[in-house]
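> Have a look; sequence and predicted model below, questions after that.
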Amino acid sequence: QQPVQSPQAVILREGEDAVINCSSSKALYSVHWYRQKHGEAPVFLMILLKGGEQKGHEKISASFNEKKQQSSLYLTASQLSYSGTYFCGTPAIKAAGNKLTFGGGTRVLVKP
Amino acid sequence: SQTIHQWPATLVQPVGSPLSLECTVEGTSNPNLYWYRQAAGRGLQLLFYSVGIGQISSEVPQNLSASRPQDRQFILSSKKLLLSDSGFYLCAWSGGRWSSYEQYFGPGTRLTVT
């Protein structure tokens, strides 16, 4: 089952902060985050492997609450380069091929 | 370092024509390989994945097939294209058993069926 992302879209001014949420109805043991710029392929940002673990990529950080089955991506002091669509991906536990199910995406537009 | 290639980058094909998209990975061995399709403005739909040569799992019943003739080669095919096959096709790889299974995507093939 596909994880649910919210919001679907967000518009920011440069320097503002935003939070993107990813929730699943199934138990999670990891959450992946990817960013896709317009016309390009998705790029891996980070993976969260433990409950409550936080990671960072530039000024983008994420948290993973295993008990709540959700992850949040934090865009801090956003830059123009942060524009794009963010996807979370969740693997089924011990899924063959370690395939991911991706959320519907959150479109982020950072304006000057 | 690892590199993933896809070709062609862009393709315009008439309805009913065959299709062959190729993906190759360099710098790693025994990767898991994936084919995704992305409709305009939409999310990522997993079409096929492979954990080894000749091992293909299909996720969505459709007009497409996949093959893995070599360890680092993944091919997406169709005998007769439909209008609904248009989209952005992405190949991705992930490491094997001892990796974190993050996926790395190729540059993609933009297919338009006319």
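Great, that's in hand.

> Where does the prediction get shaky in chain A?
Chain A contains residues with pLDDT under 70 at A:50-57, A:93-97.

> For chain B, what lies in contact range of chain A?
Residues of chain B lying close to chain A (Cβ under 8 Å from any Cβ of the partner chain) are B:32, B:34, B:42-44, B:46, B:49-51, B:57, B:59, B:90, B:94, B:100-108. For every residue, glycine as well, the C-beta is placed using N, CA and C.

> let's go with 10 Å and repeat that
Residues of chain B lying near chain A by Cβ under 10 Å from any Cβ of the partner chain: B:4, B:6, B:32-34, B:36, B:38, B:41-46, B:48-52, B:55, B:57, B:59, B:88, B:90-92, B:94-97, B:99-108, B:110.

> Now, of those residues, which are buried?
Listed as buried from the residues of chain B next to chain A are B:4, B:6, B:32-34, B:36, B:38, B:43-46, B:48-51, B:59, B:88, B:90-92, B:94-95, B:101-106, B:108, B:110; burial here means 16 or more other Cβ atoms under 10 Å in any protein chain shown.

> Who are the contact partners of A:Leu73?
A:Leu73 is in contact with A:5, A:18-22, A:31, A:33, A:35, A:45-46, A:48, A:57, A:60-63, A:86, A:88, A:106, A:108, counting by Cβ atoms under 10 Å, 6 or more residues apart in numbering or on different chains.

> Inside strands: which ones of the buried ones among the residues of chain B next to chain A?
Counted as lying in strands by DSSP state E, out of these, are B:4, B:6, B:32-34, B:36, B:38, B:45-46, B:48-51, B:88, B:90-92, B:94, B:103-105, B:110.

> Wait, A:Asn21 touches A:Gln8, no?
No - with contact defined as Cβ atoms under 10 Å, A:Asn21 does not reach A:Gln8; the gap is 11.2 Å.

> out of those two, which sits in the more crowded spot?
Using other Cβ atoms under 10 Å in any protein chain shown as the criterion, A:Asn21 and A:Gln8 rank with A:Asn21 on top: 16 against 9.

> Which helix or which strand is home to the more buried one?
In this assignment (DSSP states H and E), A:Asn21 forms part of strand A:18-23.

> May I see the buried residues of that strand?
So strand A:18-23, judged by 16+ other Cβ under 10 Å, has buried residues A:18, A:20-23.

> coming back round to it: among the contacts of A:Leu73, which are in reach of chain B?
Restricting the contacts of A:Leu73 to those near chain B - Cβ under 10 Å from any Cβ - leaves A:5, A:33, A:45-46.

> Make a PyMOL selection of whichever of these turn out to be buried.
Here is the PyMOL command that selects the buried residues among those (16+ other Cβ under 10 Å):
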select buried, chain A and resi 5+33+45+46
